[in-house]
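sequence and predicted structure are below.
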Number of protein chains: 2
Amino acid sequence: MLVGGREYRTIWPTADGSAVEIIDQTRLPHEFVTVQLTVWEDAERAIRDMQVRGAPLIGVTAAYGLYLAARTNPAAEPFRLAADRLRSARPTAVNLMAAVDRVMARVADIDETALADEIGRVAAAMADEDVRACRAIGAHGLSLIRDAAERRGEDEPVQILTHCNAGALATVDRGTATSPIYEAHEAGIPLHVWVDETRPRGQGARLTAWELGQHGIRHTVIVDGAAGHVMQRGMVDLCITGTDRTTAGGDVCNKIGTYHVALAAADNSVPFYAAVPSTSIDWRMSDGVSEIEIEQRAREEVSRITGRTPDGRMESVDILPDESSVANFAFDVTPARLVTGLITERGVAAATRAGLEALFPEAARR
Amino acid sequence: MLVGGREYRTIWPTADGSAVEIIDQTRLPHEFVTVQLTVWEDAERAIRDMQVRGAPLIGVTAAYGLYLAARTNPAAEPFRLAADRLRSARPTAVNLMAAVDRVMARVADIDETALADEIGRVAAAMADEDVRACRAIGAHGLSLIRDAAERRGEDEPVQILTHCNAGALATVDRGTATSPIYEAHEAGIPLHVWVDETRPRGQGARLTAWELGQHGIRHTVIVDGAAGHVMQRGMVDLCITGTDRTTAGGDVCNKIGTYHVALAAADNSVPFYAAVPSTSIDWRMSDGVSEIEIEQRAREEVSRITGRTPDGRMESVDILPDESSVANFAFDVTPARLVTGLITERGVAAATRAGLEALFPEAARR
């Protein structure tokens, strides 16, 4: 991703291998700050405090956390403790657990002296793999944007709406939902992106808008309630969102508010796509509405908002009556019937079991 | 409405008639402060700075502003100037203009010495009329809540979802969408209200939640994106919102985000009602989507949030990249096909021209 005109990933080892650097996403969009992680506890804290977020990036950060643990103390007991702590740094992040388990399986028979180097290689491979999957999603999504550009006519920008941040900042680079947007921009297709603010944490307003701005892509932030309106008035050609988990039947679990976007898209005949790396497909689940339990998060994410004061300080303000209850559902489920297609790294699948299994036959055989 | 256990209206003349008092709604929910308006410029400022808001309350405030103008200087020229300034205190408030015009028509032939007294009577009558309309809406809406209570079973609370503030604070008392809720609460029907935060200005989180809390009505604030989720999970029996303008065909123009609520209600077979005082019906308009122009408001409503710091100061914070564009559509249009019924002061109408004209035959004859 571009930041100030320079290419970055969201996580990378320093040249001498003594540390791992990340972008502190809690400081965005007001400040771009990178942070060095030198011990595994730094990686745990970065995940827990959401300096890094987004399922793919969390997984890679945990892998690099194990690398740091092995560098500092590769003995079995402390290393095992680090793995346990990293695995539980965020309660519901499936990628996090999968990444830790994958590293642990790969190094089960490795000598302590070779442990750090081997984990470093595994973490780097995971990072590269994520970038490849995101780029493949971008290539497949690009053809959808090309089609929309042809329908729209040459001079008018293609209008894309997205929700939350399934951007480079949620991955190692390029993002999932944003990857087709970056591809199209680089291919010279004129674009404009409607960015849903995405309450409560505002990942659209704070992160997606910042990312797109750094790439020079025209975009407009709207409150979440306005997505339907811009679709109703003919101002959107297609919607692309990310997903936290997609069932084998094509139900898309994603940031709260995604279901509204899909409903409005269907009501206005606007295609609605989710960008779905195959790692986020839950092949054991079929009906997302009845099977996926929705995480409820802290009241403060809704009641308290952090931003920059006019004189440049960061400050948090409360906006609710102290006595009022708050429910903070983190995700919702968009039923497959509202989903036009799933953009995977192997192509665009229909949001059905048959559609997904056609692209991932190995899953069908499991 | 109850505030600290005491009955209030949102606007009232002082006992000696020398001033008019309002609740400063910009200080809610953190502070309950009343303000005395003593000259018409105070009323103009109160409307412009949104110390009072909500179409019915703005209209009554303008009428009382004319009362103050007549008290201070009833001569034709300054009085006419005050009327012009009050009429344009908010750009798109139809009620505001209608209220000023109504007062001006009533006092066209009145002697200067009797002007203030007469306007005071007209303003008081308008306030009482608004309360009567709201109470009638409450009575008709109560029967819908009673029906929901019977379906739900005796011990479980009826679950109602509302968006924005169409509450007592938007009117002189009782509110439109909230009036059936207050009636049901007073009738002993157990209730729980889901309150949409309603970005960008947060009238749900700041005002509706506060109002309901003052009445001891159980409620839970959710972000706007969560309305569909709670409906999908069977946690809502009916939705009731207000309206800024409803067309003769039953299309409901209301706060941005209302369309999403109606879409999610339809998708989950939850009844969706709008509380519609007949003063907000635009009989000249039929198709709201093509005919109603949607006001766009300032960027800062989206990009800057005001609240209370942990140490008790009021502070504003910016949450967006400075370079990002913002579009701030104030309202949206919910097509009549998504509206189960319109709760008017004369009964619940189908959201069709025939339905509305059956209750308001005088409009059909116009």
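Received the coordinates, thanks. Numbering: from 1, shown residues only, chains lettered A, B, ... in the order given.

okay, now residue A:262: neighbour count?
30 (other Cβ atoms under 10 Å in any protein chain shown). C-betas here are computed from N, CA, C, even on glycine.

that one contacts residue A:243, correct?
No - using Cβ atoms under 8 Å, residue A:262 is not in contact with residue A:243; the gap is 11.5 Å.

overlap in contacts of these two?
Common contacts of residue A:262 and residue A:243, defined by Cβ atoms under 8 Å, 6 or more residues apart in numbering or on different chains, comprise residue A:252.

would you mind listing what in the stretch 101-250 of chain A touches chain B?
Residues of the stretch 101-250 of chain A found near chain B (Cβ under 8 Å from any Cβ of the partner chain) are A:195, A:197-200, A:202, A:205-206, A:209-210, A:212-213, A:218-230, A:232-233.

so which of the residues you listed are in strands?
Using DSSP state E, A:195, A:219-222 are the members of these that sit in strands.

any chance of those residues in CSV, with distance to residue B:152 too?
Formatted as CSV, those follow (distance: Cβ to Cβ, whole Å):
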residue, distance to residue B:152
A:195, 39
A:219, 44
A:220, 42
A:221, 39
A:222, 35
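
any part of stretch A:309-322 near chain B?
Yes - on the criterion Cβ under 8 Å from any Cβ, stretch A:309-322 is in touch with chain B at A:309-310, A:314-321.

tell me the phi and psi of residue A:136?
Backbone torsions for residue A:136, taken as degrees, to the nearest 10, come to phi -70, psi -40.

surely it and residue A:346 touch.
Yes - shown here, residue A:136 and residue A:346 form a contact pair, counting by Cβ under 8 Å, at 7.3 Å.

between the two, which has more neighbouring residues?
The neighbour count for residue A:136 versus residue A:346, taken as other Cβ under 10 Å, is higher for residue A:136 (18 against 15).

confidence score at the more buried one?
For residue A:136, the pLDDT comes out at 98.

list the residues that contact it.
A:345-346.

gap between it and chain B?
29 Å (Cβ to the nearest Cβ, to the nearest Å).

mind listing the strands for the stretch 1-150 of chain A?
For the stretch 1-150 of chain A, applying DSSP state E, counting those that start in this stretch gives strands covering A:2-3, A:6-7, A:11-13, A:20-23, A:34-37.

need the CA coordinates for the fourth one. CSV is fine.
What follows is the C-alpha trace of strand A:20-23 in CSV, where atoms were taken according to Å, rounded to 0.1, in the frame of the first residue of the first chain:
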residue,chain,number,x,y,z
VAL,A,20,9.1,-6.6,13.5
GLU,A,21,7.5,-3.4,12.5
ILE,A,22,3.8,-2.6,12.2
ILE,A,23,1.7,0.5,11.5
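
is that strand positioned near chain B?
No - counting by Cβ under 8 Å from any Cβ, no contacts exist between strand A:20-23 and chain B, the nearest distance being 14.6 Å.

give the other helices and strands that that strand contacts.
strand A:11-13, strand A:34-37, helix A:55-72 (3 or more Cβ pairs under 8 Å, 6 or more residues apart in numbering or on different chains; DSSP states H and E).

figure out which of the ones you listed is closest to chain B.
Among these, the nearest to chain B by Cβ to the nearest Cβ is strand A:34-37 (17.9 Å).

pLDDT on the closest one, on average?
So the average pLDDT for strand A:34-37 ends up being 98.

mind listing residues that contact that strand?
A:14, A:19-24, A:42-43, A:46, A:51, A:64-65, A:68.

just the buried positions in that strand, please.
For strand A:34-37, burial by neighbour count (16 or more other Cβ atoms under 10 Å in any protein chain shown) applies to A:35, A:37.

partner strands of that strand and their direction?
strand A:20-23 (antiparallel) (DSSP bridges).

residues in contact with the partner strand?
By Cβ under 8 Å, 6+ apart, strand A:20-23 touches A:3, A:8, A:10-14, A:32-37, A:43, A:46, A:51-52, A:61, A:64, A:67-68, A:169.

quick one: end-to-end distance for stretch A:49-56.
Using Cα to Cα, to the nearest Å, one end of stretch A:49-56 lies 16 Å from the other.

same thing with stretch A:245-257?
Stretch A:245-257 end-to-end distance (Cα to Cα) = 15 Å.

for stretch A:350-364, same thing?
With Cα to Cα, one end of stretch A:350-364 sits 15 Å from the other.

you'd agree residue A:333 is in a strand?
Yes - assessed by DSSP: H, G, I helix; E, B strand; the rest coil, residue A:333 belongs to a strand.

wait, what's in contact with it?
By Cβ under 8 Å, 6+ apart, the neighbours of residue A:333 are A:251-253, A:259, A:288-289, A:292, A:294, B:229, B:232.

find the closest residue to chain B in the stretch 101-250 of chain A.
For the stretch 101-250 of chain A, Cβ to the nearest Cβ, closest residue to chain B: residue A:225, 2.3 Å.

is that residue in contact with residue B:330, as I believe?
No - counting by Cβ under 8 Å, residue B:330 is not a contact partner of residue A:225; they are 10.5 Å apart.

so between the two, which is more surrounded?
The neighbour count for residue A:225 versus residue B:330, taken as other Cβ under 10 Å, is higher for residue A:225 (32 against 18).

now that one: closest residue in space that isn't a chain neighbour?
residue B:257 (2.3 Å; Cβ to Cβ, 6 or more residues apart in numbering or on different chains).

report the residue spans of the stretch 101-250 of chain A with pLDDT below the cut-off.
Within the stretch 101-250 of chain A, no stretch has pLDDT under 70.

which SS state does residue A:160 fall under?
strand.

surely it touches residue A:236?
Yes - with contact defined as Cβ under 8 Å, residue A:160 reaches residue A:236; the gap is 7.3 Å.

need the residues touching each of the two.
By Cβ under 8 Å, 6+ apart, the residues touching both residue A:160 and residue A:236 are residue A:194.

and the contacts of strand A:20-23, which of them are buried?
For the contacts of strand A:20-23, buried by 16+ other Cβ under 10 Å: A:3, A:8, A:10-13, A:35, A:37, A:43, A:46, A:51-52, A:61, A:64, A:67-68, A:169.

let me know the pLDDT of residue A:93.
68.

oh, that last question was meant for residue A:364, not what I typed.
Reported pLDDT for residue A:364: 76.

buried residues, stretch A:70-80. List them.
Neighbour-count burial for stretch A:70-80 [16+ other Cβ under 10 Å]: A:70-71, A:73-74, A:79.
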